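Q: pasting the sequence and the predicted coordinates here, then a few questions.
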Amino acid sequence: MTVIEPLARPLVPPPGGEVLHRSARATIIWGDCRDPEVIAQVPDGYGLLCADPPYGIRYNSGRSDRFTEIPGDDGSVDWPGVLAEWVGRTGRTRGLAPSRHVYVFGYRPDQLTEPLRLGGTAELVWDKQDLGSGDLSLPWGPGHEAFTFGVHVKRRSDREKGAGALSARLRRGSVLRYPRPGRGRACHSNQKPVPLMQDLIESSTSRAHRIQDSDLVVDPCAGSGSTGVAAVLSGRRCFLVELTRADAELAVERVRAAEHLAKQMEAL
């Protein structure tokens, strides 16, 4: 086996990406989610899109030994346009299955309705139960993060008729309260709590007796893999793409640990 020194590893993923992990439960690709060759690898008719794209906040912790700015977080990327390719910009069979759900952090419903072909939408709020620093010149510190829920309706005529407006399995409140990962435990600057992602996944997908028949959850901006961990622990499958090599490798480590735990739970 050839060992590649960290400094000798390429910083930019190859065209089509590189599969770092593939199992019955998970596929993790180090790649650029804007790459058509990467997008082509996601199975058509998948069950749920969860995305937390870098939406222009230019996060930087201000400490050299912690998190630095995320690639693409300068506001220059048309993320609704990118995600439109993942749900399927045209046709009735490409990308996300008809009448299935999307969750996108950092964007309002009006920014996503047209490009993602959404019927019913709702603006949700993640209450972090913690006070962020934010703009220190203001008397209020950010303690929440808004995101969009939507139902993907393939045909414009169906959307105009109001299709997708009544797809919720159980009516819930729009504020989800989950503490964010503690500063000492967080492994990514914008890491989402696994229980939060499990709540979304379990509300919008189905679990089957056989893992190969369970819904596939797709996250094209996977970060450290919290969506994948949540999907695996919920008995679903996941397809993750991450641009930063270190984060992609961390996602592999975390998802493999979740797979091991899921197998143990199933054996009980």
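A: Arrived safely. Everything quoted here is computed from the prediction, not taken from an experiment.
Q: can we go C-alpha only for contacts and neighbour counts from here?
A: Noted.
Q: all helices for the stretch 51-200 of the chain, in order.
A: 79-87, 109-112, 156-160, 194-204 (DSSP state H, counting those that start in this stretch).
Q: show me what counts as buried in the third one.
A: Residues of helix 156-160 classed as buried under the neighbour-count rule (16 or more other CA atoms under 10 Å) are residue 159.
Q: distance from that helix to the middle of the chain?
A: Centre-to-centre, helix 156-160 and its host chain are 26 Å apart (CA atoms, centre = their mean, to the nearest Å).
Q: please identify the deepest-packed of the helices of the stretch 51-200 of the chain.
A: Most buried of these by mean neighbour count (mean count of other CA atoms under 10 Å) is helix 79-87; its value is a mean of 21.
Q: dump that helix to PDB, restricted to CA.
A: Extracted C-alpha coordinates of helix 79-87, given in PDB (Å, rounded to 0.1, in the frame of the first residue of the first chain):
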ATOM      1  CA  TRP A  79     -26.200  28.300  -4.800                       C
ATOM      2  CA  PRO A  80     -29.900  28.100  -5.800                       C
ATOM      3  CA  GLY A  81     -28.700  27.600  -9.400                       C
ATOM      4  CA  VAL A  82     -26.300  24.800  -8.300                       C
ATOM      5  CA  LEU A  83     -28.900  23.100  -6.200                       C
ATOM      6  CA  ALA A  84     -31.300  23.200  -9.100                       C
ATOM      7  CA  GLU A  85     -29.000  20.800 -10.900                       C
ATOM      8  CA  TRP A  86     -29.200  18.400  -8.000                       C
ATOM      9  CA  VAL A  87     -33.000  18.300  -7.900                       C
END
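Q: how long is stretch 236-254 end to end?
A: 15 Å (CA to CA, to the nearest Å).
Q: what about it, distance to the chain center?
A: On the basis of CA atoms, centre = their mean, stretch 236-254 sits 11 Å off its chain's mean C-alpha point.
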